[in-house]
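Asker: Sequence and predicted structure below; questions after.
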Amino acid sequence: MSTHLTHFAINTDDVATTRTFYTKVFGWTFREYGSSDFVQIIDERSGNPMGAIQQRRKLLPEDPTLGFECSFGVDDIDDTKARVLEAGGKLLMDRSAIPGVGYLIAFQDPGGNPVLAVQYDTNAA
């Protein structure tokens, strides 16, 4: 089983202001991706996306997501889902496809932290 941090997202109520903040603080550059409520953060060394700034959402039903949201790449999303449930985690978002990217689940660990897992598959639809 291979697992590694593949993506992080900064949740915000104002994508444009947060984007300006990180440009000024870290010199980050961005690429538009999809709707205006999501921009990719570009890694200056590779030119590839390393994360995103996105409109705040509620992975936990009672609380808006604060802080950084981490996604871990996994080999098998269904196996990961089963392991999460067996280990006492709670499923927050069932398997969903991101076309051209892969399959995603969101879960809550026993400490109450929301976590995402993604199985990359460019054929996902």
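Answerer: Cool, got the structure.

Asker: For the residue lying farthest from the centre of the chain, which three-state class applies?
Answerer: Largest separation from the mean C-alpha position in the chain: residue 24, at 23.1 Å (C-alpha atoms, centre = their mean). Secondary structure of residue 24, reduced to three states by DSSP: H, G, I helix; E, B strand; the rest coil: helix.

Asker: Tell me how far it lies from residue 47.
Answerer: 21 Å (C-beta to C-beta, to the nearest Å). To be clear about C-beta, it is placed using only N, CA and C from the backbone, and glycine gets the same treatment.

Asker: Could you do residue 105 as well?
Answerer: 29 Å.

Asker: who has more neighbours, the two?
Answerer: The neighbour count for residue 105 versus residue 47, taken as other C-beta atoms under 10 Å, is higher for residue 105 (22 against 9).

Asker: Surely that one is within a strand?
Answerer: Yes - Residue 105 forms part of a strand when assessed by three-state DSSP.

Asker: got the contact list for it?
Answerer: With contact taken as C-beta atoms under 8 Å, 6 or more residues apart in numbering, residue 105 is in contact with 77, 80, 81, 84, 91, 93, 94, 95, 96, 116, 117.

Asker: Nothing else from me, thank you.
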